[in-house]
Each structure stands twice: as C-alpha cells, then as structure tokens.
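Chemist: sequence first, then the predicted structure:
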Amino acid sequence: MKKAGLLFLLWISIVWTSGAQAPVNVGVGAKAGKIAGKVIDSETGMPLEFANIIIYDVQDSSMVTGSMADATGTFVVENLPFGQFYAEAKFIGYDKNQVSNIKLSPGQKVVNVGVIKVAPAVSQLEEIEVTAERTQVDYRVDKKVINVSDNIAATGGNAVMALENIPSIQVDIEGNVLLRGSSNFTVFIDGKPTVLDPSEVLQQTPASSIENIEIITNPSAKYDPDGVAGIINIVLKKKREAGMNGVVNAMVGTNDKYQVDGLVNMNRGKWNFFLGLNYQDRKFLGEGTGERITDLGDTSLFLNTTSDGFFKREGESVRAGVGYQLNDNHKLSMNLNMGNYAFGRESNEDQITTTEPTSETTYIDNFSSFRRDGRYFNSDLTWNWDIGENQNLVTYFYYAGSTGENNDFQNSDFLDENGNPTGEAPFRTLGFETSTESEYRFKTDYTHTFANQAKLEAGYQWRKDIEQENFTFSTWDPETNDWPVDPDIRNTSNFERDIHGFYATYASKLSFLEYMIGLRGEYTDRSLENVSIDSVYSINRMDWFPTLHLSKPIGEQIEVYTSYSRRIDRPRSWYLDPFVYQRDQFTKRAGNPALEPEYIDSYEFGVQREFEKVFVGIEGYHRITRNKITRVQSTDPTDPNVIIYSWQNLSNDKATGAELSVNYFPSKKLSFNISGNVYNYQVFGDLGEQPVDQSSTNVDGRLNATWKAAKNTRLQLNTIWMGPTVTAQGERQGMYGFNVSVRQDMFKNKLSATLQARDIFDTMNFEYTSNGTNFTSTSFRDRESQIIMLTLSFKINNYRPDRRERGDGGGGMDMGGDF
C-alpha cells in the first residue's frame, strides 16, 4: 500500500504541474454554459472511450477547458462562460476533428454538438479503395486488445496461436499460456466465465470465431479477483445488421491436423440469433531426452530416458444465442455452449537405470498413454433494465456443468543389454479417474451515471462450485491376466465452495485527471471431504480487494495512466486432497490440505505516445505474490526411484518489469509491430528444509511484419524470442522461432485462402533443469516443427465481424466508470 500511496502522490504532482501550465481564458460572463456530445470511430461506429475534447475560444484560439469521453463515447463540458467557441475531438491513433460555431448565451446555456466522428490515422496511409487496417494490438488505458480478425498467423488456429505473438504472453510446448510469467489467470468468453480449465478454453476456441481478445492485468473491483496475472477475455464474433450472414472456415495441416468451424447470424426486428459450430482434430509429434541423478548417500542412481510420441487434441462444440428487445428499457438475452473434448499423449521411452558404484544396470522399454475425455455445458440468462435517469440494472444467472474421465496406462518391458526380452513379466498399470463439476452464479450490477459524468457502480455475486472425483489404480496380474484394483490406492473426494461477493466503484474527474476507486469483499465457505481417509477440511474466510485506476492526457498525443489491484489465487481441489495418487511406477501425486491462497498486489504505470507514423506504448509493472503456491518434487522415502509431486506455499515471489510496443507504418503497404518484455523474477522461501532464493532477468521479444504485396494479397512474418527463466527448483533455457503466412482474397472477398508455415527453422525447443534435496534432473523436448497449414474461408452475404455495437452480451468488458 505504500507503493500505491507513492504513485498517488506522483499523480497529484503531475496534475498540479500540468494544471498550472494549462492556458485558460475565463472569458466574460457567468460560468453557466454546457457543451455535450459523443465521439465515435468514423469507420466502425464504435464509441471512443477516453477521447479528449478541448474547447477553444474563437477570438484568440486559446484553450478554455476540456473533458474526456466516457465508456459510451459521451462527454459533457460544464462551467463554461458565455461566448463563441469551437470544440476539437482527438484520440491517440486517430485524426482530430473540429466542430465550429458553438455559441453559449443566457438564452442558450446548453449546446449539444451531436456525434463527432474521428478517423483512424492509419487510413492516411491507405489507397482510397482499400479499407484502413487495424493494428494487431491496440493499447487502451485499462487493457490491451488483440485484433484477432486481422492476424493472418492465427488463421486456422485457436486462441493460443492468436496470443503467442503478443507481448506479456508465453506459450509452452503443449500450448499452455503464461501471462507475464504466470499460468494463473482467469479466462472469460464475452465477459462471462466458462466451466473449462483456462488453458483448455484457449485451446478449444477457434481463432476464426474470435473478434478480439482483451488482456486485463489490473481489473477493477467489479470483476472476480481470481488469478495472479489478471483476466483474458475472448470476444466472439457477432453481427447485428438486418438479415442473415455468416462464415465457414476449413483448415488442413501436415501430420493430421484438421479444423472446421462456422458461424451464422440472423437479425429480425427485435430478435437476434446466432449459431456456431466447431470441430477440431490436431496431432503434434515430439521427441525428447532426460536424465535424473538421485543421491542415495553411498550410491548414486542414474535414470536416462529417450522418448518419442505425440500429443493430440480433439473437440466438437456448438454455441447459440438469442436476444430480444422487449422495449426501449428492457432487453433479454440467453446463450448456451456445449461440446465434447479430448486430449492426451502417447510416448515410447527407452529407460536405462544405473546404480554406481555397483554398475547395476536395468533396461526398460516403456510405453505410456494418457487421455482425458469430457463433456461440458454452460448457459446464461441476462436481463438488462434501463431504469432511466442514467441508471441501469443488469441481472445475470449462469450455470455450467462438466464430466470427464482420465485413463493413464503404463507398460514396461524389461530387456537385456542387447534389447532382447529378459523373460521377466511386464509391469503394467492403469490409473482411472472420473470427475463431475457444477458451477452456479447469480449476479446483479447497478450503475448510476451522474450529471457531471461521475459514475457509481455496485453489485453482488453468489457463486457455488461443486466437484467430485473418484480414482482407482490397477496393476496387471500376469498369472490371472486380470486388472485387480489396489484397495490401498483408491479414493473419493467431494469439494464444495460458496463465495459471496459484493463491490462498489466510483469514477470521476479532477481537472484533466480521471480516477476510479473500488473495493470488493468476498466471504468464502469451503469444504473438502476425503472419503478414503475419512477426513474433512473446512475454511471460512473474509477477504478484501481494493483497486485504484488513474489516467491523464498530457498534450494532444500523450496518455499516462497507473493502477493498483489486489487479487487472489485459490488452490484447486486436487492441490488440497492429501491422498497419494499413483501415476506410474516412477511417479506419484499428493495434495496439501494446509495450502493457503496466494495474495497478489499488482502495480502498473504506462505511457502512450503517438507520432506521425509511429505509436509507442511503454508499460511498467510490479507484482508481489505472497503464499506462493508452487509444484514441488521430492523422492519417495520408501523408494528412491519414485518422484512425488505436491504443492507448497513459498514465502513469496516478485516480478518487476516493463513492456515496450511500437506500431510503425513506413508506407502504404508495409507495417511493423515490435514488442519486448523485460522483467526480473525472484522467488524465495523454504521448501521443507531446503531454502530457495533464485532470480533471473527475463527478456522476451516479438516482431510482426505485414506486407500488402497486392490489393488482395498479404504476407506476414512473425518472430518470437523467449529468454531463459528460473523456477522454484531450476530453470528453463531460452528459445526462438519464425512463422510465415500469406493470405489471398478472391471473388470480391467472399473467399480467402491462407497458407502458413510454423517454426520454419525447427528452433522452438524446450530445455529444463530441476534440483531437489537429493536429486538433479535435466530434460530436452523437441516439438513438431515446420508445420504447413492451409485454411479456406467462405463468407455468406459478405460477412464482416461486427464492430459497431457491443450492447449487453457483446463481449467487451467495461472496467467500470471510464475504465
């Protein structure tokens, strides 16, 4: 909180200094006049939140005062003297526009200038017949917006492929996403939760169905505080123009990669419908090596592994929605999403175990397979009531359910040094796990916008999570050729959690400074029952989450902002369950019922500046995590060949860094997006009796270049570089990669063909090292490279994604107030 106070004092000094330098012409007469209006994007029709409106005196063109547009693009400038003025609307990335002949007098104290349209500055670089392109990443005061529709490299892929070229984002070998080095974040779809794991949501959502992705690292108190790194909100494509339209996409890639998806929209009067379908089947090859050395005192145990195999992901889904405008004040909408999913891996491993100094050697040919199959369903019903007098009430009910099962099979054949069977019976195990999950939410949000554009928001949310897991472990009996269940390795656990949350935010303006303060409180009632060991672990806790957002324009082309939020990361149910799960003959997993939630204090400070052909954004951040939850590994005290994975609370970790993003448009046909992320990561605490104190300076970089080779032909180059980083028990080495894409539009843009080549130089490989109390391990994994994918897209009725209206359920997340 001391840092938040220092940031606030810094802001006050900036405001005071800037205010002292601002030219003001008080004019003649009482300050009773008012000018109002709205600022929108001339091409998309969308409101421009945070647009600056400056009022000038006609006589000498001196600045009188100014204001900012709110989330709807609306502005009101009050306390103006009577006289003649002109207004100028401007926003970073757009050309300014003026409104003249504004007269305020005792007989006309209020003037509404109507809608002011401003055009993207990029459009000056385009030929007349070509529509201006959006940048791949738009920087807003409160979030980053990734424009997936214009990202050629993501065509035919999923949300992970759309994110991998974005600053702040890292993607591991299996497509799991890290946001500023953390895998703990919340994923929303159209501003609403989903029953699937965040990583699975990003994998299952086709990029062709996404309009944009919002990355919100410091959300306001209006939103769930869960997740270390913040919120990733996926905004799906919608179309609200009259009639029917849609799009169909099909992708095929080397080594069995397929995807087909489609979206159809229909708008009839007060009714709006949409239906989307998706099917995907992707297979990724890989190989690797590993070595683990275990110190047993007078002897050392060496385990060397060479492996090859594949990772596969499948899924089918359908999403649908309907909206009905009852009248000007009431709107109802209902959405549902359901589907099947599966993912898993198969691996063939050659394992050599050697004991020194006795030189005892064992050769094992190991085959392992893991597969998870599941079904899910979620639906929501929203009622939007425009009460009148600038008041609004949104009530929302959500239900989600899922079922799943895991099959974990291991087969080990024992060989001699020449690779021949020894005659010893194979060792075979089968782990089987089923799970069911349900989630209920009821939420109501109240908003009151006052005459001076100040905004008060308040709300309540009830959330209930129910989970049940059943696990059995079987070892093959060669004498009976049967799979008897081990009675000592079976478990049933029941998990329930109720969270009652309430919040309030208040946003207003002081001179040219915008601010929003917020506070959220959550009461948690949680219970975990382990049936096998007849134990119940309960907790009741009250938590508070303050937030602060500040923003100020300096001049015409500079925007400065800062924010603070407190967040929480609650341990998952399997992190808590103390039962020891047998995964295979060398691996076990055990939860820790003593785990406490992580608490995160997040600070950010950013500056945006626009030049003639260049946009520059710099964002600094400092994140402190207390009670850090870390997966740790240790040797089984009863068998040094076995590693046990569990979770512990470290003291804390810190991440301090800065992100730089540059959008450069040197010509009509060429554009660049260059970004980099530099941060220092430190993790320290105690893992049992082993002290941990590691730090590293991490550097990531991205370069995206787009060239319009012809009117309907675009080429794109994407490069990624990820520097090395540390973990609680080791480190990961750095890596880099290159992707190339080309898109050809045909038949008046009704048909598009995109050809991609990914990791063209086979350089995106992963290398890890880990160290424990009595072991050291290294691993190297080479994932499939030089992947070729071809995607065809066909538009029905010249479908183009909606960029004019968000409305309720439109997907964008309003941060409350003007944030």
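Modeler: Yes, it's here.

Chemist: now the helices for the stretch 51-200 of the chain?
Modeler: Remark: helices assigned in the stretch 51-200 of the chain by DSSP state H, counting those that start in this stretch are 159-163, 198-204.

Chemist: repeat for the stretch 651-800 of the chain
Modeler: Here the stretch 651-800 of the chain has no helices by DSSP H, counting those that start in this stretch.

Chemist: could you list the low-pLDDT ranges of it?
Modeler: Segments of the stretch 651-800 of the chain classed as low confidence (criterion: pLDDT under 70) are 687-689, 728, 798-800.

Chemist: try it again at 80.
Modeler: 651, 685-692, 726-729, 772-773, 797-800 (pLDDT under 80).

Chemist: and stretch 73-85, what's buried?
Modeler: Counting neighbours by 16 or more other C-beta atoms under 10 Å, one finds that the buried residues in stretch 73-85 are 73, 75-78, 80-83, 85. For the C-beta atoms, the positions are set from N, CA and C on the backbone; glycine is no exception.

Chemist: what does stretch 520-535 give?
Modeler: Going by neighbour count (16+ other C-beta under 10 Å), the buried part of stretch 520-535 is 520, 522, 524, 526, 528-530, 532.

Chemist: among these, which one has the lowest pLDDT?
Modeler: Sorting these by pLDDT puts S532 at the bottom of the list (81).

Chemist: so that residue, which of the three states?
Modeler: coil (DSSP: H, G, I helix; E, B strand; the rest coil).

Chemist: and the residue nearest the centre of the chain, which helix or strand is it part of?
Modeler: In the chain, the C-alpha nearest the mean C-alpha coordinate belongs to I232, at 2.6 Å (C-alpha atoms, centre = their mean). Take DSSP states H and E as the rule and I232 turns out to sit in strand 231-236.

Chemist: the helix or strand following that strand pairs with which strands?
Modeler: Beyond strand 231-236 in the direction of the C-terminus, DSSP H and E gives the next helix or strand as strand 243-253. Note on strand 243-253: by DSSP bridges, its sheet partners are strand 257-268 (antiparallel), strand 787-796 (antiparallel).

Chemist: ok so, going back, identify the farthest-apart pair in the buried residues of stretch 73-85.
Modeler: Farthest pair in the buried residues of stretch 73-85 (C-beta to C-beta) is G73 and F82. Separation: 26.8 Å.

Chemist: those strands in the stretch 201-350 of the chain, which residues are they?
Modeler: In the stretch 201-350 of the chain, the strands defined using DSSP state E, counting those that start in this stretch lie at 210-216, 231-236, 243-253, 257-268, 271-295, 300-325, 330-356.

Chemist: so which of the ones you listed is nearest M746?
Modeler: Of all the strands of the stretch 201-350 of the chain, it is strand 243-253 that lies closest to M746, at 14.7 Å by C-beta to C-beta.

Chemist: in that closest one, what counts as buried?
Modeler: Residues of strand 243-253 classed as buried: 245-251, 253 (neighbour count, 16+ other C-beta under 10 Å).

Chemist: helices or strands up against the strand or helix carrying N378?
Modeler: N378 is located in strand 360-386, with elements delineated by DSSP H and E. Here strand 360-386 is seen to pack against strand 330-356, strand 391-415 when contacts are counted using 3 or more C-beta pairs under 8 Å, 6 or more residues apart in numbering; DSSP states H and E.
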